[in-house]
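1. Coordinates for the following, if possible.
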Amino acid sequence: MQVTAEIEQLLCLSESEQQAFLEGLSESQVRSLVGELERLQPASGLSDNYASDRSRRNALAINAKTAAAQECGPLPAVADQSRRQRCRTDLRQFCLTYFAATFYLSLAAYQVAMLERFQSVILQGGKECHAVRRGGLKSTCARAAAIWAAVYGHRRYVVLVGATDDKANEHRENFFRLMAASDLLLDDFPELAPLLQKWRQPKRQFRLNGKLLQLHPKDERGRIVFPDIPGAACYQVHVSPYSLNATDVSGLSYVDDEGVSVRPDLLIFDDVQTPQSAQSSLQTDEREEAITKTFLGLAGLGQKIAAIMVCTVRQHQDLSERFLDRKRHADWFGKAYKSVLSFPERSDLWDLYAGKLGQGATPEDGKRMAQEFYTQNKADMDAGGRVAWELDKLPDEVTALQSMMTIRALDPEFFRREIQQEGVPPVNNSGIKLESAAILARLSRVSRGQIPDAATHLTAFIDSSDQVLWWMVCGWSGDFSGWIVDYGTWPDQGRAVFYKNDLARKIAQELPGAAWEEAFAYAHQRLEAELIQRFPTLDLILKDWSDGQQKPRIESQVASSPNRSRIRPSKGFGPKPGRKPVHLWGDQHRDRQRGAYWLEKRSEGLPNVQYDVNIWKSHAARRLLTTPGAPSAVLLPGDDERANRILAEHFTSEQPKAISYDGASGIAWELLVGRDNDWWDCFVGCNVAASICGVGVANEKPASKPRRTFALPGGVRG
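-> Numbering: from 1, shown residues only. This is a model prediction of the structure:
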């Protein structure tokens, strides 16, 4: 067979040169070339080197076949150009048209309002925060808005922000799944086909009319890269998923084929707080700062960024409430959507309904009885009531109003937060209120770890847990003026901010192969030795035994310690008001007490300390409320408020509540859900230890045992 000069020249090219040549051919030209190469025989006279000639010819044939297999064109024409054009500037119509299977229920008024606001922000820029109950389609609306912005090219770089890395990746996957589920979307946007095929076949390369497409469903940085199809509205659009806590966000950008640097222009914040972060003022501060300084700073010079946040209120002054508050963020539009717009007039009937929910042998019986009552009195019970979405109910319920009022009856707090988007502040009727900002301002200007000159006593407390030991050292003067000298954990976590659920180092890891009991004793010995070495003038160390029922192990460790003369196992108790105070629990002859609601029990083997934890927590709180510089005020170490943020979070982890029992009043401290309080316990313990060492508040009288009187018989007088 005669070989054309063009093919002979092609066979002389290198493999990379052949690849470049093939990229410039159309699909029909590639197929024609493959057929011609297959007809060539070894004896075609191409070269004197038969092996080299055959290898080159085979490589060319393989490359040509590969290019043909990668071809995904020609793309079909747009199925309905007018339909596509109608949705170009109408987000609501886009959702109802292309995602009818998702938006199959009639939209509520608040959902329509959200979509209209999203549309305005994407087209014109701005910042919006919308708080909706979970299940109210807020995330779906935001996801559909991101797709709309990308496929029409309204925005070229979309960032999907989640509370965690897993959530951010979930947002990307759901973005793809929503697009892939709509056949109508692919009919009207055929340029999306290569990207969706790449999503299903990530290892395959795709060409369009011979040109190798640059596209990724998930590149090395997790980004979605829309295909570089000339003329397509979504040409090279990027979508990046990021965690709100990501450290590699600054400077986020990409350079397109024309050399233009494209920076993020649309941010979607979808439920960017966790239940734990909502409880933590420190974590909320950090997340708020990440949004306002890191993510909103991604926009290009002179570019008006679009930011959409969809959220649910979880706590008072959580991240959601902060961005809903225009006094706090004047550049944000915030809107909270209540599920119950107005409450029914006949609250008495609804009280009876709530009572019936708890009747019967099972929850099903109670619900059936309540539903029968509602059905019989529906007209009266519905009067005045109005809900945001009539379809927001369970299948077995009659109306959405019934569903909402059922939730209210079963869990009023959940109803206020999640259903009505109202973060209710914790009730505090105790007269004691610790606030992080005020605590952080109480600085001693003494370096952390350094003992102030005015300190005459030094105490420490170790709070035992199964994973780490929490500790604190405090210095005191005789009138209970105090300084927090240092605090930490053993083993040390190597970072300033951490929580119980993300510990980097644990006790069991410090003594590999040993039983946990041995590792626990080893941890106490090491920490005790380190504290004595750093602070040789320590007067008293209290070791808590209550967490994990560690009393036998603590006592055994203390008994074997060379420093046992200045160490005491300890436990805080919470007796009810009016009951026998802790300092009167022991043997009045052998045990030691000063009427200060603590007892050094010496009549039960190894001496230990027991104290009224509620009274001493109130005492410790007052030390943090006393004006700095006044007697009995306690100060934090250093001169940088931010350095003690995690400590202030522990100090505000419990809420005091006024209680009464049998006519006696008192204060009980309760841990807030999801909060860590270990350093608060350490601070309270250091206060107790100081009292044991003789420190006392000026003019504060110790509790005394009431004197019993009686009359001698027969009228005898002493």
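2. Same question for the strand or helix carrying residue 269: list its buried residues.
-> If you go by DSSP states H and E, residue 269 is part of strand 266-270. Along strand 266-270, the positions that meet the burial threshold by neighbour count (16 or more other CB atoms under 10 Å) are 266-270. C-beta here means a position set from N, CA and C on the backbone, and glycine is covered the same way.
3. With stretch 671-682 instead?
-> Those buried within stretch 671-682 under the rule 16+ other CB under 10 Å are 674-682.
4. now do the same end-to-end measure for it.
-> Stretch 671-682 has an end-to-end distance of 15 Å (CA to CA, to the nearest Å).
5. I'd like the mean pLDDT over it, please.
-> For stretch 671-682, mean pLDDT rounds to 90.
6. outside of that stretch, which residues touch it?
-> For stretch 671-682, the surrounding residues in contact (CB atoms under 8 Å, 6 or more residues apart in numbering) are 275-276, 278-280, 426, 461-463, 465, 470-472, 487, 499-500, 544, 572, 617, 620, 646-647, 649-651, 653-655.
7. And for stretch 267-274?
-> Under the contact criterion CB under 8 Å, 6+ apart, stretch 267-274 has outside partners 139, 142-143, 145-146, 158-164, 167, 171, 244, 284, 287, 291, 295-296, 298, 305-312, 314, 318-320.
8. Against which helices or strands is the helix or strand containing residue 367 packed?
-> Secondary-structure assignment from DSSP H and E places residue 367 in helix 363-376. Identification of packing neighbours for helix 363-376 by 3 or more CB pairs under 8 Å, 6 or more residues apart in numbering; DSSP states H and E yields helix 347-357, helix 400-410.
9. still on that earlier bit, with only the CA atoms kept, save whichever helix or strand comes after the strand holding residue 269 in CSV.
-> On the C-terminal side of strand 266-270, the nearest following helix or strand under DSSP H and E is helix 275-279. What follows is the C-alpha trace of helix 275-279 in CSV, where atoms were taken according to Å, rounded to 0.1, in the frame of the first residue of the first chain:
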residue,chain,number,x,y,z
PRO,A,275,-24.3,22.3,68.1
GLN,A,276,-21.1,22.6,70.1
SER,A,277,-19.9,25.8,68.5
ALA,A,278,-23.4,27.3,69.1
GLN,A,279,-22.9,26.7,72.9
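10. Going by neighbour count, which residues of helix 275-279 are buried?
-> By neighbour count on 16+ other CB under 10 Å, the buried set for helix 275-279 is 276-279.
11. can you give me the mean pLDDT across it?
-> The pLDDT scores in helix 275-279 average 84.
12. Give me the helices and strands touching it, please.
-> Taking 3+ CB pairs under 8 Å, 6+ apart as the contact cut, helix 275-279 packs with helix 281-289.
13. What are the buried residues along the helix it packs on?
-> Residues of helix 281-289 classed as buried under the neighbour-count rule (16+ other CB under 10 Å) are 281-288.
14. packing partners for that helix?
-> Under the contact definition 3+ CB pairs under 8 Å, 6+ apart, helix 281-289 sits against helix 275-279, helix 319-324, helix 645-651.
15. which residues touch the shortest one?
-> Looking back up the chat, that one is helix 275-279. By CB under 8 Å, 6+ apart, the residues outside helix 275-279 that reach it are 163, 283-284, 287, 314-315, 318-319, 499, 501, 672-675.
16. Please repeat the previous calculation with a cut-off of 6 Å.
-> By CB atoms under 6 Å, 6 or more residues apart in numbering, the residues outside helix 275-279 that reach it are 283, 314-315, 318, 674-675.
17. Tabulate those in CSV, adding columns for distance to residue 255.
-> Listed next are those as CSV, based on distance: CB to CB, whole Å:
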residue, distance to residue 255
283, 35
314, 40
315, 42
318, 39
674, 43
675, 46
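18. which one among these gets closest to residue 75?
-> Distances from residue 75 to the contacts of helix 275-279, taken as CB to CB, are shortest for residue 314 (45.9 Å).
19. Next, the contact list for the closest one, please.
-> Contact analysis of residue 314 by CB under 6 Å, 6+ apart lists residue 278.
20. Any figure for the gap between the residue most central in space within the chain and residue 267?
-> The residue lying closest to the centre of the chain (CA atoms, centre = their mean) is residue 274, at 2.9 Å. For residue 274, the distance to residue 267 equals 19 Å [CB to CB, to the nearest Å].
21. so who does residue 606 touch?
-> For residue 606, the contacting residues are 555, 559, by CB under 6 Å, 6+ apart.
22. Mind pulling up the pLDDT for it?
-> 87.
23. ok so, going back, ramachandran coordinates for the residue nearest to the centre of the chain?
-> Reported as degrees, to the nearest 10, the phi and psi values for residue 274 are phi -100, psi 160.
24. mind checking which of the helices and strands packed on helix 281-289 is nearest residue 107?
-> Checking those against residue 107 by CB to CB gives helix 319-324 as the closest, at 22.1 Å.
25. in this protein, what spans have low per-residue confidence?
-> 1-20, 22-27, 30-31, 34, 37-54, 56-69, 210, 426-430, 547-549, 698-718 (pLDDT under 70).
26. Test of understanding: give the bridge partners of the closest residue in space to residue 295 that isn't next to it in sequence.
-> Take residue 295 and drop its neighbours on the chain: the residue closest to it by CB to CB, 6 or more residues apart in numbering is residue 267, 5.6 Å away. Each beta-bridge partner of residue 267 is listed here: residue 159, residue 307, as defined by DSSP bridges.
27. distance of residue 267 from residue 244?
-> Per CB to CB, residue 267 is found 11 Å from residue 244.
28. what's the neighbour count on the nearest residue to residue 507 once chain neighbours are set aside?
-> If you skip the residues right next to it in sequence, residue 507 has residue 523 as its closest partner in space, 4.7 Å away by CB to CB, 6+ apart. Using other CB atoms under 10 Å, residue 523 has 23 other residues around it.
29. residues in contact with the strand or helix carrying residue 523?
-> Take DSSP H and E as the rule and residue 523 turns out to sit in helix 516-534. By CB under 6 Å, 6+ apart, the residues outside helix 516-534 that reach it are 460, 469, 490, 507-508, 511, 553, 557, 563.
30. Now residue 129, what are its backbone angles?
-> With angles defined as degrees, to the nearest 10, residue 129 shows backbone torsions of phi -130, psi 120.
31. Specify the beta-bridge partners of residue 667.
-> Legend: beta-bridge partners of residue 667 under DSSP bridges are residue 658.
32. who touches it in this structure?
-> Neighbours of residue 667 in contact, by CB under 6 Å, 6+ apart: 430, 614, 618, 656, 658.
33. Out of those, who's the most crowded?
-> Taking other CB under 10 Å to define a neighbour, the member of the contacts of residue 667 with the most is residue 614, carrying 24 neighbours.
34. was I right about it contacting residue 574?
-> Yes: applying CB atoms under 6 Å as the test, residue 614 and residue 574 come out as touching, 5.2 Å apart.
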